[in-house]
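Student: give me coordinates for this.
(chains A and B)
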Amino acid sequence: MGEKDLEVNQNSNLNKKLSRRRFLQVIGASSAAATLSACANDAAQKIYPFAKGDKEQIPGVAVWYASTCVECSAGCGIHVRTREGRAVKVEGNPDHPVNKGGLCARGQASLQALYDPDRVREPMARSQGVDGKPIFKPISWSEAYGKIAQEVKNSGNKRYLLTSLLSGSLSELADDFSREIGLRHVSYELFSNSDIAQAAQIIFGKRLVPTYNFETAELVVNFGADFLETWISPCEFARGWSDGRRSAKPLKLIHIEPRLSLTGANADLWLKNSPASELNLALALLKIISTSPRVRGLTPQLADLIRRVVDNVDPKRLVAAADLRYADFEKIVDKLFSAKSSLVIAGGTACATSRSLEMQVVVNLINLVLGNVGQTISFARPRTSHPVNSEISSMIADLQADKVDLVFMYGTNPAFSLPSSSGFAYALKRARMVVSFSSHLDETTALADLILPAHHSLESWGDLESIDGEYSLIQPTMLPVFQTKQLGDIWLELMGVCDKPKKIGDKPATFLDLLKERWRVIHSTLRSGSDNRVEADFDLFWRKALQKGGFFNHQKNSEPINLPLALDQNSFGKLNFKELSFDQNKRGSNPLVLYPYPSVKTFDGRFANRPWLQELADPVTQIVWGSWAEVHPKTAAERGLAQGDVARLRNYYGEVNLPIYVTENVHPGIVAVPIGNGHSEYGRFARKIKGGNVLDLVSVSDISAERSVSLLNTKVDLARGVGKAELINVQGSDSQLGRDLAKSSLVTASVTDLHDHSHNSKNGHHLSHDDHHQPKQMYEQRKHPVYSWGMVVDLASCTGCSACVVACYAENNIPVVGPERCAEGREMSWLRIERYYEGAGEELEVRFLPMMCQHCGNAPCEPVCPVYATYHNEEGLNAMIYNRCVGTRYCSNNCSYKVRRFNWFEIELPEPLNMQYNPDVTRRSAGVMEKCTFCVQRIIEAKDNAKDEGRLVRDGEIKPACAQSCPTQAITFGNLNDPESKVAKLAKDKRAYKVLDHHLNTQPAITYLEGIRFKV
Amino acid sequence: MFPADIRFFSRLFAVVNKKLEFAIFLSLFFSLACGDILIADDSSKNGCIGENNKCLVAGDKKNDEYDRTTYKSIGKYNGVWNRGKAAFWDIDLIDHFHYFGPPQRVKGYKPKQPISFSHVTHVQKNKMECQFCHWSVAKSPYANIPEVETCKGCHQIQVQGTTDEQKAEIKKLQEYFSGNGKPIPWEKVHVMPDYVKFNHKRHGKAGVTCQECHGQVPEMDVVERVTSMKMGWCISCHRERGASIDCLGCHH
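Tutor: Predicted coordinates:
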């Protein structure tokens, strides 16, 4: 595997240093060439027909498959668009109960894992290279199976199967596989819901993760859970959050976290507490509300329980110790009581202390006192919570004691995502044979002796039951890219080789057989439950499930279910509710608390080798391609560090060197670092980011199935570091400089309808008056006889999650340019999320503004183009004709929104990442301007279908990639000429405004709806 | 100054100047003979596309009406150059620039195919419909090249050719049948640059026959490009029929 990065086409002369003489020669020759071959033609082309026809695959027509995303444990439904047998786009499945149509940036980037150029392409075995370094050499499947069978026969010691969280048929097969081969099955996830499930076990007697109904809550108090980013099921929660914001009793969010996360940025009130004070605050909150005269319906049992927990708590002292004002805290309590419905949640790094379980128990008690259980917390459709991390500690101990012969691994990368102080990587080397089924050469797989690569989820069968009663299916959307096999089939074949074959009837089973067998059982259970939506015939049921992406029950059981208090006295007794003081680590005394948090871009590190996600600007810091350490200005000044300086973070466990990002929006006592970058293996894109893995600095106490992995437990020393790293920030200015680009209004009074508030708002920005009387125009105005395409972006729903940005990259073949070009300001994203800060300190407000081509009716770019490459068409689009463009860049200079991107280079993605390109969109060559087209290829496709049926395009028929992907449905697209269309109605909303229109008279086709913040 | 550079420049300009003059002269000369479109004399012959193989000809009521409502009433924004009319130097001239370059795939391009497949034999003699092989043409923007499997249907056993020449070619074809089949590397005759999005289905439904662009393929032993397929040629037809000449329609 050669080290070939994003290739810049070297034909471009810009890239070479030229002597004057050479320059003149080049100029002379190229002008002569230009004259002679003004219409240079392409080389002879071949046209290859299919060898075998498939009437489902019409060349040039997309085929869609419904499947399920397995990038995290949320389990969102997806639709995969394939062209000529290749997956080219992943979108959310609108029928799926989890995500209801949206899909996060990470899910959409699963395509780049499928086409990852650094994937393991065939079975490999480790051997010694010439220089003594281990290298992997290809090996045949049967040879690899033979080696494993021999090892199984000979070994007498323990054997382990280490996987990520598995579900459905694969989980059942893993049990069979482990039993037959004699393996102990261990699963590891850095971010698990174990503590939530265990807390439910202790309080309600059932190990479940409940459903959080954000849409019905009026006030949410959140202790650090990043539910709009990565926590449990971000697409689902983002949808619930925005539904709650739009409802008659709008949701208000209070976020308590030492660092401003994306969720905190969307909160109405963000309280910056000191690190690891969440448990103390929750205890204080529980004490105050349980002793308040306003509390109602407290059962004696519950009151007694609460007394046991908070008897010795002094709220005033704890709140003060957490660097918060007691008055603020009293206000929260007051709001909690006066709200009709409320919800208190906790999670994320902030709560991942050594006492995360106690935190969840306290939160459960608070919710019980407030009467939220059975209202905003429902057990109707709980998430299944398989025990994870239960035996990882004992596995490491066994490995260290040389008691392990054989380790099988799949889907998890503990060598990176388990803090290195656990000693996993060293321990793993002691096993006699390590077999990995991963098809990515990550840190853990690199330690394996044998790699038997499994299919990517887009190539394989499977099923998932992330929510009780909702059965999702995973189906192959294309033939495998490489010589990989279905994981289930590898296991079945291994069982066969080890003389323990699994059979159905007398034939050896394949994984698909097992899957169907399991679905037969599901079918008969559903039938016996007299569900009349289930077909009697299994084949019909199966086909329908494949078509829909699974079988969903979501209409049923929508009423929230309450669980009675059923205390597990034994487990409860073991909990420690004493106030948590950040235990100064015994190993040295360092001043700052290390705060490693799951990044929207890389989560626990598994997304680091996907160029789309690396080039995506982090929504809050706006940094691309890199890892960084967020530090308070005071902390930085004390150490003489400035923005972008490389800092060394060091403690007993290790050292990392990262550029620092100085921001007011972290507590002075912490250094916040996103998890997920600093890979030593995994692929060319992941390895580009140096500095080290922040998890190397975290100490690991005991990892168990009852708690989440403790991340917030170490302190570090911050000093000027070594090495060079650059902070590549794509946001020009944090302030809007008074231009009012992203508007927002602060609503003080309680309102009944969001769309009606702007007249009552006292403090907010009022709508500019030019909406009421149009300015006089000097020239005749353009008319759009049939269609007038327009878009509405609701800033009150936009969370800044950046799913739209990745959708745009995927749909429109936007080149990923790499860190060097990004640093030069040459990123190519057609759609960016601008982030602005308004106010500071307590009054801080973060505003997100999705900015793309505004398709101005009076566009500044059009009249300056000397060759008519950009013009306004009769449907209201600002067209950009690539083949007409000669690259003067006048249009970009004249664009008021800076949304035009110039191709300075031709960027080639390495094979086979280029298989993802959308064939409906022209790839732009060097020297050509480009920008958002409103996904004109989708408009043309919809018009084509409409013409076939002799009608006009219906409202909602066209969804540009950004609108489709938005988890909160903040973007609406349609025909402004049709007064009945959704977009035309929204464009007349009282919150509507157009960016810069009142200054420049550009008449954009994109209308923004003001964001809304509530006074809490 | 560097005298060598000056000499280089003066020589260069002389050469360029001469070439330019020659180009302009030739272009003007040839522009008189441009824009020829082959229109099938009888469109009910072989190879029309449309619903149920019914031939749709230009001016077909249903389609024509629809197009008019969309585009004919537009007037001012009908086109982007010169208010809907091409400038005098426009488009057609561009077709003739190939006289100065290396041989290019314009009118008359007739590459040798890996198998000398004859449309005369298949369409004229054996009366096969175009859409029997090019079945996706009315369903998709792309007209497919028949799958190797389609050839196999007849040439596996039954049809082995009459003349020696045919037998040899069919033998060549059969080599592609082995195993799961291999794609035949046909030479592309009608090449569109990737920034042009042409929709076969749309044109078929609007009543454009295959022959209008591809010529009388049924009479060709070796497929040949009979039209320039340059933008001027497209636009002149679009303008004649009142179809959209919005750039974005084909370039996106």
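
Student: use CA for all of it now, contacts and neighbours both
Tutor: Will do.

Student: can you pull the contacts of A:Arg126?
Tutor: A:Pro134, A:Ile135, A:Phe136, A:Lys137, A:Ala448, A:Asp449, A:Leu450 (CA atoms under 8 Å, 6 or more residues apart in numbering or on different chains).

Student: for the closest residue to B:His119 other than its chain neighbours, give me the pLDDT.
Tutor: Setting aside the residues directly before and after it, B:His119 is nearest to B:Pro218 in space (CA to CA, 6 or more residues apart in numbering or on different chains), at 5.2 Å. What the model reports for B:Pro218 is a pLDDT of 88.

Student: over to B:Val189?
Tutor: With respect to pLDDT, B:Val189 has a value of 88.

Student: same check, this time on A:Val747
Tutor: For A:Val747, the predicted pLDDT is 85.

Student: right, and it touches A:Ile1012 too?
Tutor: Yes - with contact defined as CA atoms under 8 Å, A:Val747 and A:Ile1012 form a contacting pair (7.0 Å).

Student: quick one: which of the two has more around it?
Tutor: A:Ile1012 (24 against 20; other CA atoms under 10 Å in any protein chain shown).

Student: so the more buried one touches A:Ser744, yeah?
Tutor: Yes - between A:Ile1012 and A:Ser744 a contact is recorded at 5.4 Å, counting by CA under 8 Å.

Student: any common contacting residues for the two?
Tutor: Joint contacts of A:Ile1012 and A:Ser744 (CA under 8 Å, 6+ apart) are A:Leu795.

Student: doesn't A:Arg527 fall inside a strand?
Tutor: No - residue state for A:Arg527 (DSSP: H, G, I helix; E, B strand; the rest coil) corresponds to helix; a strand is not indicated.

Student: from chain B, how far off is the nearest residue to it once chain neighbours are set aside?
Tutor: Spatial nearest neighbour of A:Arg527, chain neighbours left out: A:Val534 (6.3 Å); criterion: CA to CA, 6+ apart. Between A:Val534 and chain B the computed distance is 34 Å (CA to the nearest CA, to the nearest Å).

Student: A:Val534: which element?
Tutor: According to DSSP states H and E, A:Val534 maps onto no helix or strand at all.

Student: next, count neighbours for it.
Tutor: 18.

Student: over to A:Phe337?
Tutor: A:Phe337 - counted by other CA under 10 Å - has 18 other residues nearby.

Student: confirm it sits in a helix?
Tutor: Yes - assessed by three-state DSSP, A:Phe337 belongs to a helix.

Student: and the pLDDT for B:Ala33?
Tutor: pLDDT, B:Ala33: 36.

Student: enumerate every residue touching B:Lys201.
Tutor: B:Val137, B:Ala138, B:Lys139, B:Ser140, B:Pro141, B:Tyr142.

Student: just give the nearest non-adjacent residue to the third one, would you?
Tutor: Take B:Lys139 and drop its neighbours on the chain: the residue closest to it by CA to CA, 6+ apart is B:Lys201, 5.8 Å away.

Student: residue contacts, the residue of the stretch 551-700 of chain A found nearest chain B?
Tutor: Nearest residue of the stretch 551-700 of chain A to chain B, counting by CA to the nearest CA: A:Trp612, 22.2 Å away. Shown in contact with A:Trp612 (CA under 8 Å, 6+ apart): A:Ala109, A:Gln112, A:Val806, A:Tyr809, A:Val816.

Student: could you do A:Thr484 as well?
Tutor: A:Arg121, A:Glu122, A:Pro123, A:Ser439, A:Leu452, A:Pro453, A:Ala454, A:His455.

Student: 10 Å - rerun?
Tutor: A:120-123, A:141, A:437-439, A:452-456, A:459, A:490 (CA atoms under 10 Å, 6 or more residues apart in numbering or on different chains).

Student: just those residues: which are in helices?
Tutor: A:Trp141, A:Ile490 (DSSP state H).

Student: so which of the contacts of A:Arg126 wins on neighbours?
Tutor: Most surrounded of the contacts of A:Arg126: other CA under 10 Å gives A:Leu450, at 27 neighbours.

Student: quick one: the helices in the stretch 201-350 of chain A, in order.
Tutor: Per DSSP state H, counting those that start in this stretch, the stretch 201-350 of chain A carries helices over the ranges A:234-246, A:262-265, A:278-291, A:300-310, A:315-321, A:326-338, A:348-351.

Student: the stretch 401-550 of chain A now?
Tutor: Under DSSP H, counting those that start in this stretch, the stretch 401-550 of chain A gives helices at A:414-417, A:424-428, A:487-497, A:511-528, A:538-548.

Student: show me what the third one is packed up against.
Tutor: Taking 3 or more CA pairs under 10 Å, 6 or more residues apart in numbering or on different chains; DSSP states H and E as the contact definition, the neighbouring helices and strands of helix A:487-497 are helix A:141-154, helix A:168-181, strand A:507-508, helix A:511-528.

Student: need the residues that contact the first one.
Tutor: The reference is to helix A:141-154. In contact with helix A:141-154 (CA under 10 Å, 6+ apart) are residues A:122-125, A:138, A:140, A:159, A:181-182, A:405-406, A:432-435, A:450-453, A:483-485, A:490, A:493-499.

Student: ok, of the residues you listed, which come out buried?
Tutor: A:122-125, A:159, A:181, A:405-406, A:432-435, A:450-453, A:484-485, A:490, A:493-498 (16 or more other CA atoms under 10 Å in any protein chain shown).
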